[in-house]
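>>> Quick one, what's the 3D model for this:
(2 chains)
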There are 2 protein chains.
Amino acid sequence: MRTRKYQQLGLIGCGLMGGSFALALKKARLVRHVVGYSKSPSTTQKAYDLGVIDSQAQSALQACIGSDLILLAVPVSATADMLKNIRDYVRSDTLVMDVGSTKQDVADAARQSLGWNVQYFVPAHPVTGKESAGVAYADANLYRGARVVLTPLHETMPEKLQQAAELWTALGAHLTTMLPQEHDAVMAAVSHMPHLVAFAYINGLLAQGNAAQLLAMGGPGFRDFSRIAAGDAILWRDVLLANRTEVLAQLQHMQTALAQLQQTLENRDGVELERLIAQASKTRAQWRMRE
Amino acid sequence: MRTRKYQQLGLIGCGLMGGSFALALKKARLVRHVVGYSKSPSTTQKAYDLGVIDSQAQSALQACIGSDLILLAVPVSATADMLKNIRDYVRSDTLVMDVGSTKQDVADAARQSLGWNVQYFVPAHPVTGKESAGVAYADANLYRGARVVLTPLHETMPEKLQQAAELWTALGAHLTTMLPQEHDAVMAAVSHMPHLVAFAYINGLLAQGNAAQLLAMGGPGFRDFSRIAAGDAILWRDVLLANRTEVLAQLQHMQTALAQLQQTLENRDGVELERLIAQASKTRAQWRMRE
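Residues are numbered from 1 along each chain as shown, chains lettered A, B, ... in the order given. Predicted coordinates for the structure are as follows:
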């Protein structure tokens, strides 16, 4: 399998995810030229200065002209408008992808915004990131070993899906294909709801008068459990709102299990408490991150 | 400051924590001889075979005879009985410590069980561990860089507290001294309640028909958030029961903060949601583990 090489990447959004994609493509010699656009001109300039992009576009449109690969790496809430903007600049030889953390909303937006050109669009979600956002943290190896979920629409051309799969595989990612709604349900369970809980956990500490003392005593368990609470506020606001129904459903599952544990504590029921912990402990001890 | 050297460590409980303590003392050349006892003879044998202990005791009592340093490294629920057993074998030149994760119950047990000899007892909690329990994982460097909380009783002799502090410092640990009840309140917030939530989270996934699919999709966020859910069931049953009042109080703080976030999702209130996330995110991004 020879991976298709691209003449020009039109990168819309030069942040961590987009910048890393550009660097990874360059490193793999899969693209000749990268044109980048960011809403903030200083970000576009920085991406250029860092060698992440080869030329600066003044608009999303301009980044698309002559591009046979377009990546939207903007907040999910900006995706619909951006797709509408670029609709008429997508050619039949172009592959269009996004990197958003929710997919049902992106699928809906793509259908509404891209019209006929929706067939060239392959929604993608690289399940990776860093706590530090911004192009300064862009990393050619960000996607190596990471899982990337592709959620093709029924309109997506099989040939485009194949190209997208080959491209991410060439960058070292491990692929999974799902329906958009299935993706959102799964991600609510293993990512979005845990983020919500981690945010709540930190806020619950901050609500206490001795918050500084509590935080100062956090050890390795605290560090790992709360790490995701450092996530970007705007990104997570968008993700949680976009996927609110699934997130709230997952929260219900967690709350039910928590109420069970709480009951054993209130009843001092050591036998049932041990059983419930053992069930979780055994599952988590056997779990390995799949690549 | 020259750290006191000990003739003999009487180790009661040859698991991960006790075994690591013995290895660390040996490595630092702070003890001549280690006598070990575990409830299970095969564990004592294994500790001997691994060179963690130098001789095997047939009882906790026997491990104390001739020991000027005694470490209780047994489940918190077994501590009271064990202290009662050894009461008459504690000499005035002996330093007695435990390594339990809760301290008010240990303080109460020590007062009731040790009688006059409670003055030689320094309750200790090394805030460290591994997901893998057992003497096979004992590690001479487990306490290096770890935080150790000492919670002296008002009966504890200042000289013993000083010796305990010097000993842990010599093993590379960073010391904090607190009252037992203060320790338990802080630990409920930064360790015990997060464990309860992590157990509930995994059980909430297991309650769903597609649990296997959900678990298979966990990425780095899932890995870190749920790591502590792999904790030992018996150890955590004991900790959570022993500290149930503080744990339930901390759970209430978390639930209140979670209900606030949930409300913003139900109301689609992006402004307030972003504010609540930003508050948590800023705090967590600035947090560093103190040594």
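
>>> show me where the stretch 1-150 of chain A has strands.
Under the criterion DSSP state E, counting those that start in this stretch, the stretch 1-150 of chain A contains strands at A:6-12, A:31-37, A:55-56, A:69-72, A:95-98, A:121-122, A:124-127, A:147-150.

>>> Which strands and helices lie in contact with the second one?
Packed against strand A:31-37, as judged by 3 or more C-beta pairs under 8 Å, 6 or more residues apart in numbering or on different chains; DSSP states H and E, are the following elements: strand A:6-12, helix A:16-27, helix A:41-49, strand A:55-56, helix A:60-64. C-beta: built from backbone N, CA, C; applies to glycine.

>>> ok so, going back, mean neighbour count and mean pLDDT for the strands of the stretch 1-150 of chain A - can I get that in JSON lines?
Below are the strands of the stretch 1-150 of chain A laid out as JSON lines (neighbours: other C-beta atoms under 10 Å in any protein chain shown; pLDDT from 0 to 100):
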{"stretch": "strand A:6-12", "mean neighbour count": "25", "mean pLDDT": "98"}
{"stretch": "strand A:31-37", "mean neighbour count": "22", "mean pLDDT": "98"}
{"stretch": "strand A:55-56", "mean neighbour count": "15", "mean pLDDT": "98"}
{"stretch": "strand A:69-72", "mean neighbour count": "26", "mean pLDDT": "98"}
{"stretch": "strand A:95-98", "mean neighbour count": "26", "mean pLDDT": "97"}
{"stretch": "strand A:121-122", "mean neighbour count": "28", "mean pLDDT": "98"}
{"stretch": "strand A:124-127", "mean neighbour count": "24", "mean pLDDT": "94"}
{"stretch": "strand A:147-150", "mean neighbour count": "22", "mean pLDDT": "96"}
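
>>> for the ones you listed, which one sits closest to B:D224?
B:D224 lies closest, by C-beta to C-beta, to one member of the strands of the stretch 1-150 of chain A: strand A:124-127, at 13.5 Å.

>>> The closest one and chain B, are they touching?
Yes - applying C-beta under 8 Å from any C-beta of the partner chain, one finds strand A:124-127 in contact with chain B at A:V127.

>>> re earlier: of the helices and strands packed on strand A:31-37, which is nearest chain B?
Minimum separation from chain B across the helices and strands packed on strand A:31-37 (C-beta to the nearest C-beta) falls at helix A:16-27, 14.2 Å.

>>> how far does that closest one sit from the chain's center?
14 Å (C-alpha atoms, centre = their mean, to the nearest Å).

>>> One more: stretch A:7-25?
Worked out by C-alpha atoms, centre = their mean, stretch A:7-25 lies 14 Å from the chain centre.

>>> Send over it as PDB, restricted to the C-alpha atoms.
Provided in PDB are the C-alpha atoms of stretch A:7-25 (Å, rounded to 0.1, in the frame of the first residue of the first chain):
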ATOM      1  CA  GLN A   7       0.500  18.700  -3.100                       C
ATOM      2  CA  GLN A   8      -0.800  21.100  -0.600                       C
ATOM      3  CA  LEU A   9      -2.300  21.000   2.900                       C
ATOM      4  CA  GLY A  10      -4.800  23.800   3.700                       C
ATOM      5  CA  LEU A  11      -4.600  24.000   7.500                       C
ATOM      6  CA  ILE A  12      -7.500  25.800   9.100                       C
ATOM      7  CA  GLY A  13      -6.600  26.300  12.700                       C
ATOM      8  CA  CYS A  14      -2.900  26.300  13.600                       C
ATOM      9  CA  GLY A  15      -3.100  25.100  17.200                       C
ATOM     10  CA  LEU A  16      -1.700  22.000  18.800                       C
ATOM     11  CA  MET A  17      -3.700  19.500  16.800                       C
ATOM     12  CA  GLY A  18      -3.400  21.200  13.400                       C
ATOM     13  CA  GLY A  19       0.200  22.200  13.900                       C
ATOM     14  CA  SER A  20       1.100  18.600  14.900                       C
ATOM     15  CA  PHE A  21      -0.700  17.300  11.800                       C
ATOM     16  CA  ALA A  22       1.300  19.600   9.600                       C
ATOM     17  CA  LEU A  23       4.600  18.700  11.200                       C
ATOM     18  CA  ALA A  24       3.800  14.900  11.000                       C
ATOM     19  CA  LEU A  25       2.900  15.100   7.300                       C
END
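
>>> now the strands of the stretch 1-150 of chain A in JSON lines, with distance to B:A278?
Below are the strands of the stretch 1-150 of chain A laid out as JSON lines (distance: least, C-beta to C-beta, whole Å):
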{"stretch": "strand A:6-12", "distance to B:A278": "25"}
{"stretch": "strand A:31-37", "distance to B:A278": "26"}
{"stretch": "strand A:55-56", "distance to B:A278": "30"}
{"stretch": "strand A:69-72", "distance to B:A278": "25"}
{"stretch": "strand A:95-98", "distance to B:A278": "24"}
{"stretch": "strand A:121-122", "distance to B:A278": "32"}
{"stretch": "strand A:124-127", "distance to B:A278": "23"}
{"stretch": "strand A:147-150", "distance to B:A278": "27"}
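
>>> so which of these gets nearest B:V190?
strand A:124-127 (28.0 Å).

>>> Let me see the confidence value for A:K27.
At A:K27, the model reports a pLDDT of 97.

>>> circling back: next, format the helices and strands packed on strand A:31-37 as a markdown table and append distance to B:M193.
Shown next, in a markdown table, are those (distance: least, C-beta to C-beta, whole Å):
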| stretch | distance to B:M193 |
| --- | --- |
| strand A:6-12 | 43 |
| helix A:16-27 | 32 |
| helix A:41-49 | 40 |
| strand A:55-56 | 49 |
| helix A:60-64 | 46 |
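
>>> Make TSV out of the ones you listed and add distance to chain B.
Shown next, in TSV, are the helices and strands packed on strand A:31-37 (distance: least, C-beta to the nearest C-beta, whole Å):
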stretch	distance to chain B
strand A:6-12	22
helix A:16-27	14
helix A:41-49	20
strand A:55-56	29
helix A:60-64	23
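
>>> mind checking which of these is nearest A:L205?
Nearest of the helices and strands packed on strand A:31-37 (C-beta to C-beta): helix A:16-27, 27.4 Å.

>>> The closest one - contacts with which helices or strands?
So helix A:16-27, by 3+ C-beta pairs under 8 Å, 6+ apart, packs with strand A:6-12, strand A:31-37, strand A:69-72.

>>> List of residues touching the shortest one?
In this case it means strand A:69-72. A:6, A:8-13, A:18, A:21, A:25, A:31, A:63-64, A:79, A:82-83, A:86, A:90, A:94-100, A:167 (C-beta atoms under 8 Å, 6 or more residues apart in numbering or on different chains).

>>> likewise the second one?
The contact list for strand A:31-37 (C-beta under 8 Å, 6+ apart) reads A:5-14, A:18, A:22, A:25-26, A:44, A:47-48, A:52-60, A:62-63, A:66-67, A:69.

>>> closest one to B:S281 among the helices and strands packed on strand A:31-37?
That would be helix A:16-27 among the helices and strands packed on strand A:31-37, by C-beta to C-beta, at 15.2 Å.

>>> Name the helix or strand of chain A that has the lowest mean pLDDT.
helix A:76-86 (a mean of 89; mean pLDDT, DSSP states H and E).

>>> Go through that helix and flag the buried ones.
A:V76, A:S77, A:A78, A:T79, A:A80, A:M82, A:L83, A:I86 (16 or more other C-beta atoms under 10 Å in any protein chain shown).

>>> show me the contacts for A:A207.
Counting by C-beta under 8 Å, 6+ apart, A:A207 has contacts B:H253, B:T256, B:A257.

>>> Just want the residue of the stretch 1-150 of chain A that's nearest chain B.
A:V127 (4.3 Å).
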